[in-house]
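> quick one: sequence and predicted model below, then my questions.
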Amino acid sequence: ARDAFGAALGVPESARAEHGLASLAQGGDLGRGALFTELYAAPVYQTRFSNLVAPVVVRSGVAALERPRAAAYASVRLTRDTRSVGGVQPQIFSDNAVIPALGVRVQPVRRGPTLYSELGASRPLLATPDARTRADYRGGGYYSAQWGAGAAPGRAPRLVGDVYADASYYSRFDNAIAYVQLREAVRLREWGGGWAELYGRAGAVGDTRREFYNNVGEVGAGLRVLPWRAAGASLSAEYVRGAYWVRSTAPAAAPYGELRAMVVVSKVITDRLGARRW
């Protein structure tokens with residue numbers, strides 16, 4: 001089931017949302033010395049594997065510089081899914097690990113890409129023959145931009161969209177993975193602090209090791225709802241079609257179509273000179 005692990009891990013929306021949360025904290029009005037805490041969870045259900053994967057990240061740190069924007073932080077990542085099992089013949093569908101780490105990030109140019117670097121230790125949550133705590137270094141850069149969201153707020157329907165790109169190296173897998181996604185949506189309705197939209201998206205993933213599950217293109221469409229902005233939680237359901245461009249005999253390497261349901265919970269808490277802001 002190692003092939004399924006890669007395919008499940010390859011769902012990029014959770015990584016996009018997590019780094020988007022980091023951009024929100026870093027791209028706000030935090031001054032030097034401001035403290036922040038980011039909470040993030042993105043459980044996603046995939047019908048292709050009948051599996052629920054739940055990544056959770058908590059990150060706390062301090063804004064070290066205003067120009068360029070820079071921060072230092074400590075983080076804990078935890079990922080678990082409902083299908084993976086350990087034992088002599090493990091069936092692994094996602095990372096299933098807890099990773100405490102220290103990191104830094106910097107945005108050299110306002111509205112430009114953000115560079116980050118993290119060093120931690122990965123402890124597996126499943127008992128397998130090779131399960132042991134390992135060093136976990138990851139670093140790279142990511143960029144995101146959106147349009148339409150701030151134009152004529154409250155007016156619907158209207159077009160909104162975003163683009164996201166990420167390129168990172170992961171020492172545990174000795175692999176560099178790059179991802180890009182473009183999404184365009186029709187904001188159907190807005191209300192006090194919330195909205196609903198229909199969207200279409202296209203994305204692609206590639207890596208340096210030529211693992212089939214990290215070399216895939218997807219197109220999809222779905223519905224996304226943010227019931228109440230202050231709660232920091234959105235719900236989405238989508239149908240996607242995908243195909244791998246690296247050949248493999250693994251059953252999971254066939255072109256696929258699947259339904260996905262996802263909840264993204266993201267919250268940024270800042271504290272500057274004793275003033276706390278959500």
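Everything's here; your move. Note that the coordinates shown come from a computational prediction; the quantities given were computed from them, not determined experimentally.
> residue contacts, Val58?
By C-beta atoms under 8 Å, 6 or more residues apart in numbering, the contact list for Val58 reads Thr37, Glu38, Leu39, Tyr40, Ser75, Val76. The C-beta positions use only the backbone N, C-alpha and C, and glycine is treated the same way.
> the third one: helix or strand, and which one exactly?
This means Leu39. Using DSSP states H and E, the element containing Leu39 is strand 35-41.
> dump that strand to PDB, restricted to CA.
Extracted in PDB, the C-alpha atoms of strand 35-41 (Å, rounded to 0.1, in the frame of the first residue of the first chain):
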ATOM      1  CA  LEU A  35       3.600  37.200  18.900                       C
ATOM      2  CA  PHE A  36       1.400  34.900  16.900                       C
ATOM      3  CA  THR A  37      -0.200  31.400  17.000                       C
ATOM      4  CA  GLU A  38      -1.600  29.600  14.000                       C
ATOM      5  CA  LEU A  39      -4.000  26.700  14.300                       C
ATOM      6  CA  TYR A  40      -4.800  24.700  11.200                       C
ATOM      7  CA  ALA A  41      -6.600  21.400  10.500                       C
END
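> what subset of the contacts of Val58 is buried?
Thr37, Glu38, Leu39, Tyr40, Ser75 (16 or more other C-beta atoms under 10 Å).
> who are the contact partners of the closest residue to Arg123 other than its chain neighbours?
Leaving aside its sequence neighbours, Arg123 sits nearest to Thr133 (C-beta to C-beta, 6 or more residues apart in numbering; 4.8 Å). Shown in contact with Thr133 (C-beta under 8 Å, 6+ apart): Ala121, Ser122, Arg123, Pro124.
> likewise Val98?
By C-beta under 8 Å, 6+ apart, the neighbours of Val98 are Val76, Arg77, Leu78, Ser122, Arg123, Leu125.
> quick check: phi and psi on the last one?
The one in question is Leu125. Torsion angles at Leu125 (phi, psi; degrees, to the nearest 10) stand at phi -100, psi -10.
> the stretch 51-200 of the chain: strands as residue ranges?
51-65, 69-81, 97-107, 114-124, 134-147, 158-170, 175-191, 194-207 (DSSP state E, counting those that start in this stretch).
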